[in-house]
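Enquirer: 3D model of this:
(chains A, B, C, D, E, F, G and H, ligands or ions: 12)
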Protein chains: 8
Amino acid sequence: RRLGFEEVIFGASKSVALLSDLLKDYVEKNKNVLITKLQAEKAKHLLEDFKTAFYDDESEIFMLSHHEISDESPTRIGIVSAGSSDIGVANETYYTLEYMGVKSEVIHDVGVAGLQRLLDHLEHLKTFDILIVVAGFEGALPTVVGGLLPQPIIAVPTSVGYGTAKAGETALHAMLTSCANGITVVNIDNGYGAAMSAFRMLNLIEK
Amino acid sequence: RRLGFEEVIFGASKSVALLSDLLKDYVEKNKNVLITKLQAEKAKHLLEDFKTAFYDDESEIFMLSHHEISDESPTRIGIVSAGSSDIGVANETYYTLEYMGVKSEVIHDVGVAGLQRLLDHLEHLKTFDILIVVAGFEGALPTVVGGLLPQPIIAVPTSVGYGTAKAGETALHAMLTSCANGITVVNIDNGYGAAMSAFRMLNLIEK
Amino acid sequence: RRLGFEEVIFGASKSVALLSDLLKDYVEKNKNVLITKLQAEKAKHLLEDFKTAFYDDESEIFMLSHHEISDESPTRIGIVSAGSSDIGVANETYYTLEYMGVKSEVIHDVGVAGLQRLLDHLEHLKTFDILIVVAGFEGALPTVVGGLLPQPIIAVPTSVGYGTAKAGETALHAMLTSCANGITVVNIDNGYGAAMSAFRMLNLIEK
Amino acid sequence: RRLGFEEVIFGASKSVALLSDLLKDYVEKNKNVLITKLQAEKAKHLLEDFKTAFYDDESEIFMLSHHEISDESPTRIGIVSAGSSDIGVANETYYTLEYMGVKSEVIHDVGVAGLQRLLDHLEHLKTFDILIVVAGFEGALPTVVGGLLPQPIIAVPTSVGYGTAKAGETALHAMLTSCANGITVVNIDNGYGAAMSAFRMLNLIEK
Amino acid sequence: RRLGFEEVIFGASKSVALLSDLLKDYVEKNKNVLITKLQAEKAKHLLEDFKTAFYDDESEIFMLSHHEISDESPTRIGIVSAGSSDIGVANETYYTLEYMGVKSEVIHDVGVAGLQRLLDHLEHLKTFDILIVVAGFEGALPTVVGGLLPQPIIAVPTSVGYGTAKAGETALHAMLTSCANGITVVNIDNGYGAAMSAFRMLNLIEK
Amino acid sequence: RRLGFEEVIFGASKSVALLSDLLKDYVEKNKNVLITKLQAEKAKHLLEDFKTAFYDDESEIFMLSHHEISDESPTRIGIVSAGSSDIGVANETYYTLEYMGVKSEVIHDVGVAGLQRLLDHLEHLKTFDILIVVAGFEGALPTVVGGLLPQPIIAVPTSVGYGTAKAGETALHAMLTSCANGITVVNIDNGYGAAMSAFRMLNLIEK
Amino acid sequence: RRLGFEEVIFGASKSVALLSDLLKDYVEKNKNVLITKLQAEKAKHLLEDFKTAFYDDESEIFMLSHHEISDESPTRIGIVSAGSSDIGVANETYYTLEYMGVKSEVIHDVGVAGLQRLLDHLEHLKTFDILIVVAGFEGALPTVVGGLLPQPIIAVPTSVGYGTAKAGETALHAMLTSCANGITVVNIDNGYGAAMSAFRMLNLIEK
Amino acid sequence: RRLGFEEVIFGASKSVALLSDLLKDYVEKNKNVLITKLQAEKAKHLLEDFKTAFYDDESEIFMLSHHEISDESPTRIGIVSAGSSDIGVANETYYTLEYMGVKSEVIHDVGVAGLQRLLDHLEHLKTFDILIVVAGFEGALPTVVGGLLPQPIIAVPTSVGYGTAKAGETALHAMLTSCANGITVVNIDNGYGAAMSAFRMLNLIEK
Ligand SMILES: Nc1ncnc2c1ncn2[C@@H]1O[C@H](COP(=O)(O)O)[C@@H](O)[C@H]1O
Ligand SMILES: Nc1ncnc2c1ncn2[C@@H]1O[C@H](COP(=O)(O)O)[C@@H](O)[C@H]1O
Ligand SMILES: Nc1ncnc2c1ncn2[C@@H]1O[C@H](COP(=O)(O)O)[C@@H](O)[C@H]1O
Ligand SMILES: Nc1ncnc2c1ncn2[C@@H]1O[C@H](COP(=O)(O)O)[C@@H](O)[C@H]1O
Ligand SMILES: [Mg+2]
Ligand SMILES: [Mg+2]
Ligand SMILES: [Mg+2]
Ligand SMILES: [Mg+2]
Ligand SMILES: [Mg+2]
Ligand SMILES: [Mg+2]
Ligand SMILES: [Mg+2]
Ligand SMILES: [Mg+2]
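Expert: Ligands and ions are numbered 1, 2, ... in the order given. Take a look at the predicted model:
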């Protein structure tokens, strides 16, 4: 546990054999571990050997022994997604936070093309400490949210879209050039990174 | 006059000598002409010889004998700009429409980071036949307008911004990937093209 | 039905399970819905449960209960395609318009490398209110059409081609930089968006 | 004052005339204002009319009536710069924070090619609530800092460098792909945005 | 004289001092030389020392002792330009051919947005051995010419345009992806290279 | 047969059904046809119905009734390839020329990293009317050949390579920026286009 | 054996048939050969015919008759990898060196986000003649190593990562813009090239 | 002096004031310093205060008290440049090496388009320990040199060229994708970096 962060492995370009070895090591040491971007096919193999592990298809998150957070603990973080296609990335954030012991809530499908839906959620969104805003296509949602609410906003561009969406590059650039004040951004589809930066901020309060 | 469009010359990469020859030709034939993207330095030279011509610094539009449109004629087109830095492009649209005999109105500085300003203008925006929406930086304005209003929307990305704004590319791509229905787009800083496409649409009604 | 637009879902990055839930919801509420960019494999699964639905392989359009338009209604929109490889995008426009209750006609394979074919169709093309021009490779067709005809022209770049075609980027940029007057452009392969912007224009006439 | 943020104007693409009008308006209303990215040439003109204003050459920051922060108030934010060429961006952050009433300290020239210098500052860096890390060239500094320290880290890529530095794009992408946990990023040369996002975080603690 | 090509120097990034030395060397050896892309400012200095030299402002071509070609020799090559902004590149081709002893003719301003102008020139264009087609903006002219005429066609993209013209990249890519048969392409603004490749082809006939 | 070119179809993005219809049409009219970039899977289906057709796996060329050229006819065109991975593109040129009735010869694997091999072929290369030079990776071969030989040179970049080869873009750009005189270039992997432009040149001699 | 380099073939875009022919040729001539980037599927086929050959799944290296290097020979080259996902590229370097008769050692997973691990290896790293540093994601490792150690450093960017990692482009650009002194770089994933350049340097000492 | 490297400052983005302070500091401490990429205008100011300093216009190198190397010391490094436009970068390498106490020789204008010139120098080039090969445009020279000579080769792409030369990007990518064995590459125009990496290699021999 470096700096209070739990162990995390990037799964996308590791072989099942290598991942299996790493997991055995963690099991032996009685430690938790989270694997990100683990393809379903590879997860299937690992789940055979690590039966208590948890895997979420949408987010490709794999966790060795995950613990749900008690219902009493307060919900600190709101994860707002622009479209229902962004569910994978929203879930990556949700489960990473859970893994770090932080409770969050996902509010789905609040795209700016239908502004009313966002305005309807405004009072609810005010209750969170931090907002993580997930959007693909033109990535305009963080700008609009940032103009309406004062909390820290972590924007996550997703690779949802086609043509000029450029696999998330347009959303990324739009978020970085946002004319709303003080929005910060993480890598395309990096729901995991958004969770970790939120965790750094929560530490700040607890200090 | 091809297809009802008045003559237009692209001024940016022509020498003063060449432009002067072309203008003399138009004067002799008693014809109007509009020059786009004419640098101030070159305009200064041409204004010495063509004293009745009109030049607008912000938009770099030069017109041989321009006629203001009578106050009685209806205002058909609303030009909405996201920030006051977009004034040059908004003016290029305004003067091109004027040149084509079409009256328009510019509504400045209605950026999405301050949503209220846009909502305040909503009733007024409903009165136009066509909306031309001009925005730089992240280019989110056409998406929000497109989700609120049913008219034809012509989006014009501008090169205002820095870094990831990429000289208008990000606004362009954001507008093209907009998840609002049926927005069309023209080249970066192409206020002239937006005016011309609006002109094509107005012809459609008059038919 | 927001702003008179029927419901539309982006199908490419949603799972069958999620789409199935959404469709059930629409069926219950007795509403129509159109899904764009739905991969054939996923369509096959959905057609098993929603037997009256319509699916077109070329365009990947899926519609819950589509109604053909009566033969008497006038054909408002001409969809001109540069090559027979562009059929998928042309069909996406055609079926989206049909879904919105608008009759259109597709004129195939009128590429500029064989100019005569275009000139042969000229009289016919004059009869449409709006022209939607679909082209891949170098995307020159909208420029040539725009120089010959005065109607509103919506250009749709397609991802047809290889190498420097850059998956539609070259056609897109060529259309945006067109030196023909007043052409507007939508995203690469966005036949759906072209239909929706035509719909906005038709509303304008009806007003 | 929207959401508690003071007024800020983007100066780079506005004319002196327009800026002068805006400033007069603020003076009349007895309000503060900060202008970012104001070219020295334009600043010189404005300083003639607004004699009490403050202008910093390195950062191109212009402030109407700025107030230094009392020495007693705690220094909340550490601004770490990789090289002395990054001073402009570091200062943009510093003065924006000052404008918002927040005290910060700049630690210069702590590049990763000379790791010892960074290690020497480690104990001092631990004392800040938030770290803003500014770097051009390969942009590696936030990754190394992020691996050593647990605070929120806002990374600011700068356009310092040449060739493959690509005017800040490489530093930006390096920071976004950082394998250190939970780093967030703002636009290239956006020292202002970094300050504003730090301000959002400080609000969080005060809540 | 390598392979029958006369000496050519790339002038853009050489200092006046270096160029002056090179020219003196040629003068001493009684040889011709052509300098391409020579900025006006530098040409002015060189013309003071080399009084018989020829310099053309539009094309930035500088020639030591150029000989006009006799009126009787046949005109082998047609240089077709899309707009009058392309004159610099057309001239670079014209003077390079002249330098190589080949007579050519420039036909200006035959853009595809006004198809009739091109059709009017068709019979004349048939008389040339080779066609060099110069175009900026969307670069569609070579495609249309290539569909109408059977000669070798060398397409030259120019950097004329703005925004998505991308300093000639869009015209270049459009020409390379042309769906007309057998068009070949040279670098952006490379009128010199087009002349040289035509020279290779003429050698072929003479063989 | 437009301009003397035989019929050619782009096969990559057409369905088997559509291609089959087109082929039947040609068979009925007793015409030849060549299909380029036809995937092996689709070719297999078509070969079942069109048993006399010819298909080459390497180049993905499909021809309805192709005729080998008599051994007596002179070999006009040399196709030089840099590596044996470029065989597909070299074959595309070879078969297209054959289809047009032109005899050519492929000289394989003459990369510039082993200069001696090229120098060994020099005398043989001098015997051709036209040289088509095919290269992937850094695409340096046309430059070296162009510096040694005076014939028309058509350079064909291929998508062979990885990383910074950028799917042929680097070879393309290297060929276009070649400092050898008068090289012309076609699209990445466009062996077909190279053949067609050679055909235009051969017409020139025959005239 | 040109310049002392053993024969090497690029396997990725050659067919099994072609590779098999080439290998037979080498076997007959009693020569060694190494194939790089050979896909597992194709390797399986070749291993059936060439039973003594060696194939490594991670690096896709295939060698005809490879000889392990005696344990006594000194280990000249340290291969440092940033993450365990970089194993494929590290192995490509290792086996290529082995093929050239040079002994090396791989030190895995020394990423800069956990600086301590690197510092722990420092003394060991000092013992090598040359360091080859392999890293994906933000590619910061060579910069940090280059600031700490005086040997020649060959940096190898890998395509490990997602989004803004841009398939290795970001690591490549970061390494090229490194502010550490005198780092040289090879192509993305080019473990083979790194080995070859190390071989050139070792020759230098032996001279 | 870190790792034996003398002090070096990147001059391009530092103000004269800042540089002057830094230089005074070095003078006081009796240390040498080299400034790279120092614009002529700024150098002029600094030379007034530091009269013994050396400045080279072509390379923009500024050195405090530089010592020429004795004629007796052996010439270790050959710097080969493709064109006389590359002189600036070649000089940057030359003077940096001189600053480090290493003698080198520049061989100018050995472009591959005139292969004979390179072959003429071959015997001379064999005498150097290390070759630094500088080229702009298509950047093919290192590939050809690398195929002919066995020494370590450090390739330096320059920003000489226009259009598809892309300010050195094409030469850079061509060098990285070179099919010659074991070439390493530094940043565009980075003559300084090439010298430093040669210095690391020379240390290796001396060890
Ligand atoms: N999806 C992800 N995006 C960015 N960084 C990640 C991701 N998953 C894991 N990491 C980071 O990468 C490191 C693991 O890399 P590795 O050693 O290759 O598994 C971890 O320490 C994490 O900090
Ligand atoms: N700013 C502009 N953007 C795009 N097209 C333009 C612009 N200004 C003029 N044009 C078009 O370009 C043509 C003029 O090009 P030229 O003959 O070079 O002046 C005109 O017919 C216009 O249709
Ligand atoms: N092919 C498409 N291209 C662009 N936008 C689309 C497309 N299909 C659907 N949309 C829009 O995206 C919205 C649906 O997004 P979602 O909620 O993710 O299904 C719809 O309201 C449409 O406005
Ligand atoms: N405008 C140009 N574009 C491309 N190549 C050129 C140009 N001008 C000259 N060259 C070529 O570049 C070589 C001269 O380069 P240099 O030795 O730097 O003057 C000549 O041999 C020409 O073949
Ligand atoms: Mg939605
Ligand atoms: Mg504003
Ligand atoms: Mg066709
Ligand atoms: Mg420093
Ligand atoms: Mg014109
Ligand atoms: Mg080979
Ligand atoms: Mg690791
Ligand atoms: Mg030269």
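
Enquirer: all helices of chain A, in order?
Expert: Taking DSSP state H to define them, one finds helices in chain A at A:16-28, A:40-49, A:87-99, A:115-125, A:141-148, A:169-176, A:191-206.

Enquirer: now the angle between helix A:40-49 and the first one, please.
Expert: Taking axes from the mean of the first three to the mean of the last three C-alpha atoms, to 10 degrees, helix A:16-28 and helix A:40-49 form an angle of 40 degrees between their directions.

Enquirer: what helices or strands is helix A:16-28 leaning on?
Expert: Counting contacts by 3 or more C-beta pairs under 8 Å, 6 or more residues apart in numbering or on different chains; DSSP states H and E, the secondary-structure elements packed against helix A:16-28 are strand A:33-36, helix A:40-49, strand A:61-64. Where C-beta positions appear, they are placed from N, C-alpha and C, glycine not excepted.

Enquirer: and those: which comes nearest chain G?
Expert: For the helices and strands packed on helix A:16-28, the distance to chain G is smallest for strand A:33-36, at 9.7 Å, taking C-beta to the nearest C-beta.

Enquirer: where does chain A dip in pLDDT?
Expert: A:1-2, A:66 (pLDDT under 70).

Enquirer: break it down into its domains, please.
Expert: A:8-64, A:77-206 (automatic domain parsing).

Enquirer: and the residue most central in space within chain A, what is it in contact with?
Expert: With distances taken as C-alpha atoms, centre = their mean, A:Thr93 lies nearest the centre of chain A, 1.8 Å away. If a contact means C-beta atoms under 8 Å, 6 or more residues apart in numbering or on different chains, then A:Thr93 has A:Ile79, A:Ser104, A:Ile132, A:Val134, A:Val156, A:Gly191, A:Tyr192, A:Ala194, A:Ala195 as its contacts.

Enquirer: now the third one: how far from chain H?
Expert: This means A:Ile132. Separation of A:Ile132 from chain H (C-beta to the nearest C-beta, to the nearest Å) stands at 35 Å.

Enquirer: what do you get for the second one?
Expert: Applying C-beta to the nearest C-beta, the value for A:Ser104 to chain H is 42 Å.

Enquirer: give me whichever of the helices of chain A is most buried.
Expert: helix A:169-176 (a mean of 30; mean count of other C-beta atoms under 10 Å in any protein chain shown).

Enquirer: quick one: the residue lying farthest from the centre of chain A from E:Asn32, how far?
Expert: Going by C-alpha atoms, centre = their mean, the residue of chain A most distant from its centre is A:Glu28, 28.2 Å out. Distance, A:Glu28 to E:Asn32, using C-beta to C-beta, to the nearest Å: 81 Å.

Enquirer: mind listing what A:Asn181 touches?
Expert: Contacts of A:Asn181 by C-beta under 8 Å, 6+ apart are A:Gly146, B:Ala113, D:Leu3, D:Phe5, D:Val8, D:Gly193, D:Met196, D:Arg200.

Enquirer: so which of those residues reach chain G?
Expert: Among the contacts of A:Asn181, not one lies near chain G by C-beta under 8 Å from any C-beta of the partner chain.

Enquirer: from those residues, which is closest to E:Val89?
Expert: D:Gly193 (41.8 Å; C-beta to C-beta).

Enquirer: hang on, isn't the closest one packed against A:Cys179?
Expert: No - between D:Gly193 and A:Cys179 there is no contact under C-beta atoms under 8 Å: 10.1 Å.

Enquirer: separation between the closest residue to A:Thr158 other than its chain neighbours and ligand 7?
Expert: Nearest residue to A:Thr158, sequence neighbours excluded (C-beta to C-beta, 6 or more residues apart in numbering or on different chains): A:Gly136, at 3.9 Å. As judged by C-beta to the ion, to the nearest Å, A:Gly136 and ligand 7 stand 34 Å apart.

Enquirer: what residues does chain A put near chain D?
Expert: So far as C-beta under 8 Å from any C-beta goes, chain A lies against chain D at A:2-5, A:8, A:10, A:129-130, A:147, A:149-154, A:172, A:176-177, A:179, A:181-188, A:190, A:193, A:195-201, A:203-205, A:207.

Enquirer: state the number of residues packed around the residue of chain A at minimum distance from ligand 9.
Expert: Nearest residue of chain A to ligand 9 (C-beta to the ion) works out as A:Thr164 at 28.7 Å. A count of nearby residues for A:Thr164, using other C-beta atoms under 10 Å in any protein chain shown, gives 26.

Enquirer: that one: what's it in contact with?
Expert: Contacts of A:Thr164 by C-beta under 8 Å, 6+ apart are A:Thr170, B:Leu172, B:His173, B:Leu176, B:Thr177, C:Leu172, C:Asn187, C:Ile188.

Enquirer: measure it to C:Ala180 for me?
Expert: 21 Å.

Enquirer: re the thing from before, near chain E too, which of the contacts of A:Thr93?
Expert: Checking the contacts of A:Thr93 against chain E (C-beta under 8 Å from any C-beta), there are no matches.
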